[in-house]
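Peer 1: how would this look folded up:
(3 chains)
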Amino acid sequence: MWQLGRLFLFFLVFIFIVLKFTVAENFHHNDNFKESLTIKPLSDGKLLTHFQFNVRISGIKEGKTFNHYKFFPRAIGQIIQSYNARELHLTFTQGRWNYEDWGYPIAPSAGTGVELWAWLWKDEKLDKNWKSLTNALAGLFCASLNFIDDTITVQPQLSFRPEGSYNATEISTHAELRYGSLPHENVCTENLTPWIKLLPCKSTSGIASLLNGHKLYDSNFHSMSIHVQPVCEDSRCLNKQLEIIQTVSAVVDPVRNSGKRDWSLNQIFGRQLSQACPLAEGSKLEVILPEDCDYKLSPDADDVTHMDGGTNIALYNLKNLQLTTDISMTWKEDIFEYNLNFEQPRIYAHRFFTGYGQERGGIKVNIFNKSPNISVPIIYYDVIPWFLKLYLHTLKVQINGKEVQDNPIKDLYYQPAVDRSRPNVIEAELLLPPNSITTLSINFDKVFLKYTEHPPDANRGFDIGSAVISSTGEIVGDFNYLYDVVTRNCSEDTPRAACYHYSIRVYTETLLVSLPTPDFSMPYNVITLTCTVIALFFGSMFNLLTRGFVALQPNEDNKNKEGKDAAK
Amino acid sequence: MSDIAYALTRLRRRRRLFQTLKKWGSKLRFLLFAVGTCWLFILPSDQYHKNTYISENALLPGQVNTYYSWGQVHEATAFRDNITLISNSSNIEKAAYVENELRKAGLKTAMQNFTVNISGKEISGTNVYGVFNAPRADGTEALVLSASWKSKDGETLNTNGVAIALSIGKFFKGYTYWSKDIIILITDGGEAGVQAWLESYHDHPRSDISSAPLLLRSGAIQAAINLDFPSTNDYKALGIFFEGVNGQLPNLDLINTVIRVCRGSYNIPIMLHDSGHHYSNYDHGNYYDSLHNLLQTMRHQALCHPTGSHGLFFRYKIDAITLYGHTSARISNSFSFMEIGSIVESTFRSLNNLLEHLHQSFFFYLLPTPERYISIGSYLPPALLLAVGLILHALELWGKTGDEYTEGPVSENYHPKSSSSNGDANYIVPLPYNNRPRQILFPMTVLIVTHFAGLLIFFVITNHFSYNQLSKIFGIQEFIFTLSLTTSISIAIPATLIQVRSLNNKPLSKQIPKPASDWMVLKSFTLAFTAMIISCLSVLNFSLAVFISLMVIIPFSLFEPTPKHQILQYLQLLVLIIISPPGILLFSGTNIDEFLRWALMEYELLGSYLLPFICCFYWPNILVYSVIVFSSDYEN
Amino acid sequence: MEENDKIRRLIITSFYIVILFGLPLWWKTTEVYRAQLPFTEIEEWSNWEAFDLEFPTHFTIYVANVKPSTIKFANLSSNLENLITSRYNIDNSKEANNGTSQKSIRFPVKIKLADWNNWMNDLQDGNLEMGNLANKNGQYSFYILPRTKSNSDTKVLVGNQRQAIVEINQWDTNVIEKTISDLIISLFMPEQDAIRKSIIEPLSDSKVELDSMRTMKYSSQYQVTFSLMNGDPSNLLVNWDIEEAVNKYLGPFVNQISMISNLTVDSQIQHYARLTFEPNHKPDENYFFLTPELLPHFINAAEWNLASAVSSYPTLNFILYVPSKEQSPLHIQDSKGNIMENNAFLIPRWGGVIINNPDRSKGTHNFSFKELKSVMSIFITQLRGLLGVHDVWIEAKHTLGATFSIEFVIPPNTAVTMWEFDNLVRRRIAENIVTSITTLKSLSQLVTEIPNMVVLDHIQTEVFLALDNLSKSCKHLHNNQYDLALYHSKKAIELAESAFFDPTMVSMLYFPDEHKYAIYMPLFVPISVPLLVALQREVKSLKKK
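Peer 2: Next up, the predicted model:
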């Protein structure tokens, strides 16, 4: 009996080794390409669809350029190499990720607008490289990334560690981080089209053929991103690969149309899934199954894997399955009831302006830690433009609305703004006590901008990019709550241990601050009026100074004397 | 010597000016006053005001087709029935019901309990609100659709209002064209509730309302519509309320939008406020309707009192109006949920188009009819004319106190030519006026002391309710106590001042040239001061300025000490008492206790500046005048 | 009284002093910054005053002293020089009557006679690797020896370096003179015509020369991109060993040409590269074909990612197109309707295309190193054309006619012989000089025309440097250092371009003067009135005294 067991064990090991080996085999081809579509029903009836395309090019030596592209997009490769970038992360997002209802996003989605951050190798013209990097990307994606200038660019010290494989010393000595975001950038088809053109199969076959602009931009939230990063081929990381991960996440709302949360690919995307991309090594469609089990999935999945952390994932392998029917999911309910208790993530935050009026105000952030018994260390990162003058002495931390003795701020990095050249940066390392609301607040004065510095829609106000809360390196307690993040981020063939440094990032809302605006309709009138006032003042002063004063005295008695007096 | 001749001519000119001023001054003043007052009555006339127009091109009111239809109407009726069912259950239960409904519609919801202890009684309640996050929008901007449980009269339940708000909230959720979040706010406890919500939404405690901090928020609020549709029956006309605290007004575009929408889709008669003429399409009423509307507006503005809970939004740079369902107009056809819903939807669609905060159109205007307006440029002049009259008077008095005209011979035989030709040693210099010392010590003290007295009165009144123990001791009602206190102050101070003056004005009679009597200086100061107040106020709160000036100008310019006839003096005093705040209250027959409570509440809760203004600016001048009337006059 | 007047006058004068100082200050602070540009020099250059070029060429003629040395070669060299220069000057005089100053361009010739007898035997079997190969650009050597074989015409053997062997059939001075002069003229005349034209009417696009249309505008760097376009990967997956091929086949050429302008090579594979049109179908032989009319529409610029994301340099695209199953085999027909065998075509100033129909029996195809050899050779010829490499000898052959038989030593792997290379260098030098001058000219025009344009200092310096480089390169041409001349001409054109396309030139804050005055009017007029009145009053009173 036990021999049998042993045999079985042996077989397992054998199979494992074989698998491992084949996987390793795959690496030594120069390029490989994987595509996957993940669909996750959310607690409020909405549906998260997440496209992910990984292309890896192997045998990359640091500093050695490569000019011959197979799957890896040539445009990106050129940009990376000619501007000497080590990592590149670009995300276009529209709408807010609703953390309370939707949990954590699968891809580390960014706050509203465009977010670009890159690790650049140190050389004499690093800042020039960053500038031209933004310009090149702007040209590539038809986005106004070239507006990321010095007044927006920052160098985070604690957050935004590299996401690829790296060792700290090398990074700290040889590379520098640049970060810039444009909160009020509208994302639309003209950005998606070039993004699709980077894919090996374009949008003609494979899951990319589902990317339909009309449906995509009718969704509640969508975010598309490009991450270029070096990854290790093997656990000892002897030789590296360069990986580009292209993702599109969209949250669609079936309930809005039908009142039910049933979905089918055709209904969501308005297209059929024809076949897998012939170039792709792996092409799969996953459905993360919800807890309640009164649903029906058709056609049946090839395989249902049970992940640790309680989630089941139904997997369709598009390579060997020729889709005849549309994939769809139906619930046994005639109308969807919004359930009143949401799945809440462990950590989320809300940020808002306090006060009113146009001369001063304040910013407050409520950071929630819902975990019942774990106190979580996080890094709070916020960039405030220079036209809000922060007062550091007003930085207060409250926990559950009360001041506390032991300051939860473990480490604080603060860069004061310089007018018209660089923004305020706050980076604080906090320890959130279990089941608490930590509140940071700081006050500012508003600057009266120059007449030409106002945008065309001055009365709309200025957008402030979202603050970012990123988990520190170490994983605290059980990390079910960042389970999705981990699995999606490191594609499944990298060793699991290497994934743990993937950090979650939680983005707060973007804010709209209204500054005092002059009357744009009549600047010349104002100038002329002031000129006139000055002139009048001058005239009167001048007259006073140059007028002759004569003293006259009345007395009736003798006129000569008086006349003389008068003459004086 | 030419410059001497020059100086002489200029001297002459000035003298002539002064004489003319002295001669015509009083007539001129009267003229100014008359013109100003008449002008005020020209304002409502049809020729004077212009048609309103939409300045903000993005609004495009009434250009969308509305989808609010019978399905929503049925939901609304269902809500209405439920609300009537739970009408007399506790605040919490009602709020819980609303929250449940909103959440079932898929909105994020939250409750807010607040209590405020103000002017003796404690107000507490539960606000409930839901936020609809606009899909694909960054949520930096928001619109508010608010309705309070009680209608503006404070008794009847705002059933339909709340019902519509709920149905609208549920209805908006189904569309993706929203670029701004939408907040459905159901407030409790009247204005206190709205104030509490606004304060904690902006996290900026102003008044002493104690409320839980909000955890659910949205972006910067761009505009707010407040629904007030009392009880459950149909409505004849749509009343529009727009005055806010301290006479602030919303941007005219907002009102225009709502009216355009009503005109465009449905022929709903509109009335400003809840009385007077109701205007249907292409109807501008007659002069008296306009006058009535203007008077209404000016009354509200002068009392610095918001005509609905929309009025509290203005402080936070949020434009808002209240839509009121008016039942008792004599019109055949009536409207209900369907129309109201569509109007609200269409209005919100227009506001949704906004790219910038409402800023294009007027913030200072008067509305004689819903679709015609008077801009600040046209209505400000009368107030200024009135003020100018006072200033002239003050100047004249000032001159008088300074100069003593000896109507000496202005030598007619004086020719500059001749003087220049034959030696300029001796020629007749015309007698210039000669200065005499002005006594400004006493007037200054009087002014300062009286205004200090004003502050004192203000202090007393604001702490009205804090010393009811004292009033217990005297065994009288607290308001009487306060009243007596204030009146005693207002009597004591002038009296003492007069006494002080009459004691030490003996030695002055010896001085040569003897100075003008103090009352002149004092009067000129007071007039100048009043003119300043009026002119400044007329820009901030036109109505209040006008009322004050109308009340004050005649007595202030006429009154002066008449030691000859005692009766006259006491008559003047009587008038002064009548136009003094307590006097007004007494003669207008308002309940003083009520008024005190009301004024205090306005001041402490909403931050209206009526009370401080009355106490610190208006009343002291009256006191000064009582001093003037009784001050001794040794001019003649 | 008096001191009053004095004080008053003092006051007035002080006011006037302040204003007198204030006005220039105001003027200074409100003007736009404009660095001074050397307009006159640019003017001189642009109408050929400061401008004289000469492209000297030296020939060394090694005449075999064959027994019996009957003929005297004493005055051969002088005769040749006279002959050639006269021939040149004929054309010069031809130019002369269309009015351009003659001093601008010259092509002096120097001919040296050397006699030799050693290693002649080696030469006869055409190996030229020995012999003095230290020649620079512009120095050529002809080895003349009598024709042995009883073949009537003259045989020329062209070496890879700057030399050629001429075998004359009749051993006679005149014949030799004639032959050599013909040879030299026909070798260098076209080039000189081209240069002269380009200099004399620089901006005349009227001249429709095929090569000038085909060759790219000069740039110091080109991006060469090889793209493998796959019509439909779903039934044929393609791959190629491009890296190896590039290194082997293209590398030497790139190195050789890098002196003129260096090429950066990269490659990509594009899938689902569909044509924008349906190619014609010939049902009977069952193949698809493209007619010459269709070729312009072949490139689908919108779909195929051909643009470079980073480089601002011009890109040369070479496309190996594999049609989809539905459209294969795909061929190119010429106008007469017969299939072109190499199945390739060149797009002027853009790149080249080769259509390849691999067998799609097994679902994948890999273009191996061998297979790419033919492809690359076509690409390289196209590349030569695009870069403006002229195979001078072939052209010469056409002009010389049938009496000459020209043969070549096995061409080097650089794919460009020294003759061609020199020719290219000379043309480029001329072209660069002309373009940089025209650029500077238009820059100066722009600046003079727009008075509100800001001209910063670095622009000024760039212009100065450009001019300096121009003169340098001319100087080096004189004492025929073509390499240096090329280098400086490159510098000149780069500087000129960078000055012309400088972003700061574009961003000019337009604030016209009339606005300025309109705004300041209400300040100046009311201020000036009392001042003037006071002045005039003072003057009057002074007159009185």
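Peer 1: Go through stretch C:163-175 and flag the buried ones.
Peer 2: Within stretch C:163-175, the residues that count as buried by 16 or more other C-beta atoms under 10 Å in any protein chain shown are C:163-169, C:171. Using the backbone N, CA and C atoms, a C-beta is placed for each residue, glycine as well.
Peer 1: a markdown table please, covering those residues and showing distance to chain A, pLDDT and secondary structure.
Peer 2: Output for these, formatted as a markdown table (distance: C-beta to the nearest C-beta, whole Å; pLDDT from 0 to 100; DSSP: H, G, I helix; E, B strand; the rest coil):
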| residue | distance to chain A | pLDDT | secondary structure |
| --- | --- | --- | --- |
| C:Q163 | 37 | 76 | strand |
| C:A164 | 38 | 80 | strand |
| C:I165 | 42 | 79 | strand |
| C:V166 | 45 | 80 | strand |
| C:E167 | 47 | 78 | strand |
| C:I168 | 51 | 78 | strand |
| C:N169 | 53 | 74 | coil |
| C:W171 | 56 | 73 | coil |
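Peer 1: Just give me the closest of those to A:T472.
Peer 2: Closest to A:T472 out of the buried residues of stretch C:163-175 is C:Q163 (73.9 Å), distances taken as C-beta to C-beta.
Peer 1: just checking, the closest one touches C:S141?
Peer 2: Yes - applying C-beta atoms under 8 Å as the test, C:Q163 and C:S141 come out as touching, 4.5 Å apart.
Peer 1: Pull the contacting residues for A:V506.
Peer 2: By C-beta atoms under 8 Å, 6 or more residues apart in numbering or on different chains, the contact set of A:V506 is A:99, A:104, A:345, A:347-349, A:468-470.
Peer 1: quick one: pLDDT of the closest residue in space to A:N135 that isn't next to it in sequence?
Peer 2: With sequence-adjacent residues excluded and distances taken as C-beta to C-beta, 6 or more residues apart in numbering or on different chains, A:N135 is closest to A:N146, at 4.9 Å. In this model, A:N146 is scored at 91, pLDDT.
Peer 1: Chain A versus C:L531, what's the distance?
Peer 2: 7 Å (C-beta to the nearest C-beta, to the nearest Å).
Peer 1: The residue of the stretch 51-200 of chain B at minimum distance from chain C: neighbour count?
Peer 2: Using C-beta to the nearest C-beta, the closest approach of the stretch 51-200 of chain B to chain C is made by B:S55 at 26.9 Å. Number of residues near B:S55 (other C-beta atoms under 10 Å in any protein chain shown) recorded here: 15.
Peer 1: ok, A:A250 - contacts?
Peer 2: A:48-49, A:216, A:219, A:221-223.
Peer 1: ok, now how distant is B:L574 from B:T322?
Peer 2: B:L574 sits 42 Å away from B:T322, going by C-beta to C-beta, to the nearest Å.
Peer 1: which residue is nearest the centroid of the chain?
Peer 2: You didn't pick a chain, so chain A it is. A:A110 (1.9 Å; C-alpha atoms, centre = their mean).
Peer 1: Correction: the question concerned chain C.
Peer 2: Centre of chain C computed as the mean C-alpha position; nearest residue by C-alpha atoms, centre = their mean is C:Y218, 3.3 Å away.
Peer 1: quick revisit: which residue is the nearest non-sequential neighbour of the residue of the stretch 51-200 of chain B closest to chain C?
Peer 2: Closest residue to B:S55 apart from its sequence neighbours, by C-beta to C-beta, 6+ apart: B:Q360 at 3.7 Å.
Peer 1: That neighbour: neighbouring residues, count only.
Peer 2: Neighbour number of B:Q360 under other C-beta under 10 Å is 17.
Peer 1: I'd guess it is in a strand, am I close?
Peer 2: No - secondary structure of B:Q360 (DSSP: H, G, I helix; E, B strand; the rest coil): coil, not part of a strand.
Peer 1: Surely B:V388 is in contact with B:V35?
Peer 2: No - the criterion here is C-beta under 8 Å, and B:V388 misses it with B:V35 at 10.2 Å.
Peer 1: out of these two, which sits in the more crowded spot?
Peer 2: Neighbour comparison, B:V388 and B:V35: the larger count goes to B:V388, with 19 against 15 (by other C-beta under 10 Å).
Peer 1: name the helices or strands packed onto the longest helix along chain B?
Peer 2: Ranked by residue count under DSSP state H, the longest helix found in chain B is helix B:2-42. If contacts are counted by 3 or more C-beta pairs under 8 Å, 6 or more residues apart in numbering or on different chains; DSSP states H and E, helix B:2-42 sits against helix B:376-402, helix B:416-421, helix B:542-558.
Peer 1: The first one: how far from the chain's middle?
Peer 2: Spelled out, that is helix B:376-402. Distance, stretch centre to chain centre, for helix B:376-402: 22 Å (C-alpha atoms, centre = their mean, to the nearest Å).
Peer 1: what angle separates that helix from helix B:2-42?
Peer 2: Interaxial angle, helix B:376-402 versus helix B:2-42 (axes from the mean of the first three to the mean of the last three C-alpha atoms, to 10 degrees): 130 degrees.
Peer 1: what about the nearest residue in space to A:I384 that is not next to it in sequence, distance to A:L388?
Peer 2: Nearest non-adjacent residue to A:I384, counting by C-beta to C-beta, 6+ apart: A:N424, 4.1 Å away. Computed with C-beta to C-beta, the distance linking A:N424 and A:L388 is 7 Å.
Peer 1: ok, now B:L586?
Peer 2: Look at B:L586 and A:L388: by C-beta to C-beta, they are 53 Å apart.
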